[in-house]
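# Got a predicted model here, sequence first, then my questions.
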Amino acid sequence: MGGGTPKPDLSDAETNRKASKENESPEYKYEPLPEGDYFRLLKLEPGTGEDPLVASLRPAQLRREAHEDRFEAISYVWGSNIKDQVITVDGKSLPITSNLRNSLRQVRSPDEPRQVWADSVCINQQNNQEKGQQVAAMGRIYQTSECTLICLGSEPGFRQHASDVAALIREVEQRIDDVLEDPGFSRTWDGFPRPSADDAIVNDRRWQSWRELVDNPWFLRGWVVQEAALGPDAKILWAGAEIRWMSLLRVSQWLAYRASPQMRSSGPFWLSPLHVQKFKLERPDEDKTYWPEDAESRVGTLLALELLDYARELKLSDPRDRIYAFMALPTKGDTMPALQPDYEAHYLDVYQNFATTYLKLTSDLDLLLYVDGYEDTSLSNSQLAS
């Protein structure tokens, strides 16, 4: 699969294990967080390539005005749970996965420290009480960040695709802006012009690179929806290219509702409707130019039940996160119950708690329309990407 998660580098893992043994570095132990709105920040020391990862962890308060606490949040595919890599934190060894190692290498600055937040190291994953508290705060963590860094990998084999799709997105976005800024264009319902079948942009070979991009496993992960949506800004880092998240969303809408009917090829073109919600929320006047007026209900945010229904297609390793991963997202009428995440509870109890809380909040019996008549055993499959 294009953009797939790379296999663990066994030689790197062996090197890390040997280095750890030779240095006899003690294993890092998490200190409890202070009471209140605290979370941990990871300060990555500068480095390049395969230089060892060195960092420090410290508690910080969730407040945007604190200059010293400015940070960027990392979004990536967790992948395998095998922690066969090491990062040195405060002089001690902390085991991490290959995917996290690759993402930290991708965002690390070559010449100065970089302060980031990555859930798998900034949250003590072995402490369910802390995990529940921090998951409840994740929406605010992303909102407080300077930017979300969406790490899709840096494999050399994708460099040409990454360069091509970045250029294509810039060109299509400029085309969209030219239409919207034309004094003669009225932002009416369904008013955005459609390209002709022989338009060069419709038949551009670089749409294959678009397919490679959206075929990346990151786009199937459940948690990344809020990670990309809630920050003040987000950008994709892929094989040496940087792409603004909003630029991708704008081109995706144009492609879905204007260009795709003229295209002769097929493939994985589409983003989840959950990702597109950020575009709809921030650019409603632009969005409506793609829709007929009788589809007004499709402009704007989703209802809470619609949101969770679309989320069925996304992958989550913990079935409780079918609720928890989406609670911070905006919904039409603000009807999403704000449950306190509890990772000691059985997932069926979490679902029941959601249902009863939702009914008390809304009295909306449409909830029954979304009930499945079968048990989805794949929800508990620990092999799914989280």
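Now that the structure is in, tell me what you want to look at.

# which residues touch the host helix or strand of Leu180?
Counting by DSSP states H and E, the element that carries Leu180 is helix 159-181. By C-beta atoms under 8 Å, 6 or more residues apart in numbering, the residues outside helix 159-181 that reach it are 2, 185, 187, 192-193, 201, 204, 206-210, 212-213, 238-243, 247-248, 250-251, 254-255, 286, 289. All C-beta spots, glycine's among them, are computed from the backbone N, C-alpha and C.

# In PyMOL, select just the buried ones from those.
Buried subset of those, written as a PyMOL selection, criterion 16 or more other C-beta atoms under 10 Å:
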select buried, resi 2+192+204+206+207+209+210+212+213+238+239+241+243+247+248+250+251+254+255+286+289
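
# So which of the contacts of helix 159-181 sit within helices?
Trp207, Gln208, Ser209, Trp210, Glu212, Leu213, Ser247, Leu248, Arg250, Val251, Trp254, Glu286 (DSSP state H).

# how far away is the first one from Arg159?
If you measure Trp207 against Arg159 using C-beta to C-beta, to the nearest Å, the figure is 18 Å.

# do the last one as well
Distance, Glu286 to Arg159, by C-beta to C-beta: 31 Å.

# before we move on, what about the third one?
As for Ser209, its distance to Arg159 is 11 Å (criterion: C-beta to C-beta).

# same deal with the second one?
Separation of Gln208 from Arg159 (C-beta to C-beta) stands at 15 Å.

# Could you give the separation between the terminal residues of stretch 232-252?
20 Å (C-alpha to C-alpha, to the nearest Å).

# Please read the previous query as pertaining to stretch 317-326.
First-to-last residue span, stretch 317-326, C-alpha to C-alpha: 14 Å.

# same deal with stretch 320-337?
End-to-end for stretch 320-337, by C-alpha to C-alpha: 14 Å.

# now do stretch 192-205
End-to-end distance (C-alpha to C-alpha), stretch 192-205: 24 Å.

# shaky segments in the protein?
1-24, 64-68, 264-268, 296-297, 373-386 (pLDDT under 70).

# cutoff 90 now
The chain contains residues with pLDDT under 90 at 1-25, 63-69, 78-81, 197, 203, 260-270, 292-302, 332-335, 364, 369-386.

# Domain map for it?
10-146, 156-298, 316-380 (automatic domain parsing).

# Do you have the strands of the stretch 201-350 of the chain handy? List them.
Counting by DSSP state E, counting those that start in this stretch, the segments of the stretch 201-350 of the chain that form strands are 234-238, 241-244.

# What sits closest to the residue positioned nearest the centre of the chain if chain neighbours are left out?
Nearest to the mean C-alpha position of the chain, by C-alpha atoms, centre = their mean, lies Val224 at 2.3 Å. Counting by C-beta to C-beta, 6 or more residues apart in numbering, Val224 lies nearest to Ser75, which is 5.2 Å off, once chain neighbours are set aside.

# Next, that neighbour: phi, psi?
Geometry field for Ser75 lists phi and psi as phi -120, psi 130, criterion degrees, to the nearest 10.

# thinking it is in contact with Cys147, fair?
No: at 10.5 Å, Ser75 does not count as touching Cys147 under the criterion of C-beta atoms under 8 Å.

# Now the common contact residues for these two.
With C-beta under 8 Å, 6+ apart, Ser75 and Cys147 have common neighbours Ala234.

# More neighbours: those two, which one.
Neighbours per residue, other C-beta atoms under 10 Å: of Ser75 and Cys147, the larger number sits with Ser75, 26 against 16.

# I am finished for the moment; much appreciated.
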